[in-house]
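Enquirer: My questions are about this predicted structure, shown below with the sequence.
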Amino acid sequence: MKSVAHWLVRLFSALTLVAGGVVLFAGAAQAATICGNLPVPSGYVITSESLTNSCTGGYLTETIQLPSNGLAICDNSPVPTGYAITSNYTTNNCGSYQGGRINTVTNGLTICGNSNPSIPSSYVITAEGPNNNCGQWYGETITTAYNGIAACGNSAYPGNYVVTANYTSASCGIYQGDRLNVASDGISFCGNSVVPAGYVITANFQSGSCGQYLGGRLNLPYNGITVCADSPLPAGYWISANGLSSSACAPYQAERLNNS
């Protein structure tokens, strides 16, 4: 019974793919073809594309399959979470697109700059520069974020981190370096930082650590807190007074927040 049930599940999956305009390759459970005007199913990558009689209207036929470490894909392919492009090259397998190779994301991995959107949110870029494997793209080293990490200024960073310093960095190519720290009540931060959800700005000031950016202080809100007018408004709070004068918030005015 177990083998019959397993067969039925596979048959149902195959019929679902065919009904959706996806045709499975015989003998290749993970490989299929779709026409270029159809979206690539979630979790799949494009490994080749060519002109065939199967797809009309000038659309190419795309071969898709589930990703694996070291798999060659086309550069117009989506890159599933947990993978990144580690090389780019010219190929005849991808129509007008370049080819690339994907690998599972690991700490210290060098990826290509066209893979930036697929970097997991827990990683930051710590170095970048020309790389023969990446063609016209820079190579970038990605590292799991930790408190005090030195990251490159073009890097996204986890939502609970803030920029606490800006500086010139030879490791980051054309970008400045940023020091990242986990947000905490009373932390000083630089104005090029995103303010994490749930925090407010309670002071603005000049800081030698922040380069051309204004420095500031972040705090956790409470009922009746005075914040600077450039502060985000936390969920559940409202402005009960504005236009307040505050030397701490210059050049902005201050506001009072309440939640009850």
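Expert: Sure, I can see it. Numbers count the residues shown, from 1 in each chain.

Enquirer: Okay, strands next: where are they in the stretch 151-260 of the chain?
Expert: 161-167, 177-182, 188-190, 200-205, 215-219, 226-228, 238-244, 254-258 (DSSP state E, counting those that start in this stretch).

Enquirer: need those in JSON lines with distance to P117, mean pLDDT and mean neighbour count, can you?
Expert: All C-beta atoms are positioned from the backbone trio N, CA, C, and that covers glycine. What follows is the strands of the stretch 151-260 of the chain, written out as JSON lines (distance: least, CB to CB, whole Å; pLDDT from 0 to 100; neighbours: other CB atoms under 10 Å):
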{"stretch": "strand 161-167", "distance to P117": "19", "mean pLDDT": "97", "mean neighbour count": "21"}
{"stretch": "strand 177-182", "distance to P117": "19", "mean pLDDT": "98", "mean neighbour count": "20"}
{"stretch": "strand 188-190", "distance to P117": "25", "mean pLDDT": "98", "mean neighbour count": "21"}
{"stretch": "strand 200-205", "distance to P117": "29", "mean pLDDT": "98", "mean neighbour count": "20"}
{"stretch": "strand 215-219", "distance to P117": "28", "mean pLDDT": "98", "mean neighbour count": "21"}
{"stretch": "strand 226-228", "distance to P117": "33", "mean pLDDT": "98", "mean neighbour count": "22"}
{"stretch": "strand 238-244", "distance to P117": "36", "mean pLDDT": "97", "mean neighbour count": "11"}
{"stretch": "strand 254-258", "distance to P117": "35", "mean pLDDT": "98", "mean neighbour count": "19"}
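
Enquirer: so which of the ones you listed comes closest to T91?
Expert: For T91, the closest of the strands of the stretch 151-260 of the chain is strand 177-182, at 35.5 Å, according to CB to CB.

Enquirer: For the closest one, give me every contacting residue.
Expert: 124, 145, 147-153, 155, 157, 160-169, 171, 187, 190, 192, 209 (CB atoms under 8 Å, 6 or more residues apart in numbering).

Enquirer: That strand versus strand 161-167: what angle between them?
Expert: 150 degrees (axes from the mean of the first three to the mean of the last three CA atoms, to 10 degrees).

Enquirer: Can you tell me the strand partners of strand 177-182 and which way each runs?
Expert: The strands beside strand 177-182 in its sheet (DSSP bridges) come out as strand 150-152 (antiparallel), strand 161-167 (antiparallel).

Enquirer: mind giving me a markdown table with the strands of the stretch 151-260 of the chain and columns for distance to G108?
Expert: Listed next are those as a markdown table, based on distance: least, CB to CB, whole Å:
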| stretch | distance to G108 |
| --- | --- |
| strand 161-167 | 19 |
| strand 177-182 | 17 |
| strand 188-190 | 26 |
| strand 200-205 | 35 |
| strand 215-219 | 30 |
| strand 226-228 | 39 |
| strand 238-244 | 46 |
| strand 254-258 | 43 |
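
Enquirer: that older thread, indicate which one of the strands paired with strand 177-182 is closest to Q176.
Expert: With CB to CB as the yardstick, what comes closest out of the strands paired with strand 177-182 is strand 161-167 (5.4 Å).

Enquirer: ok and that closest one relative to strand 215-219, angle-wise?
Expert: Going by the same axes, to 10 degrees, strand 161-167 makes 160 degrees with strand 215-219.

Enquirer: Alpha carbons of strand 161-167, as CSV, please.
Expert: Taking only C-alpha atoms (Å, rounded to 0.1, in the frame of the first residue of the first chain), the coordinates of strand 161-167 have been written out as CSV:
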residue,chain,number,x,y,z
TYR,A,161,21.0,46.1,13.4
VAL,A,162,21.9,49.7,13.1
VAL,A,163,24.9,51.6,11.6
THR,A,164,27.1,53.0,14.4
ALA,A,165,30.1,54.2,12.3
ASN,A,166,31.1,55.0,8.7
TYR,A,167,34.6,54.9,7.4
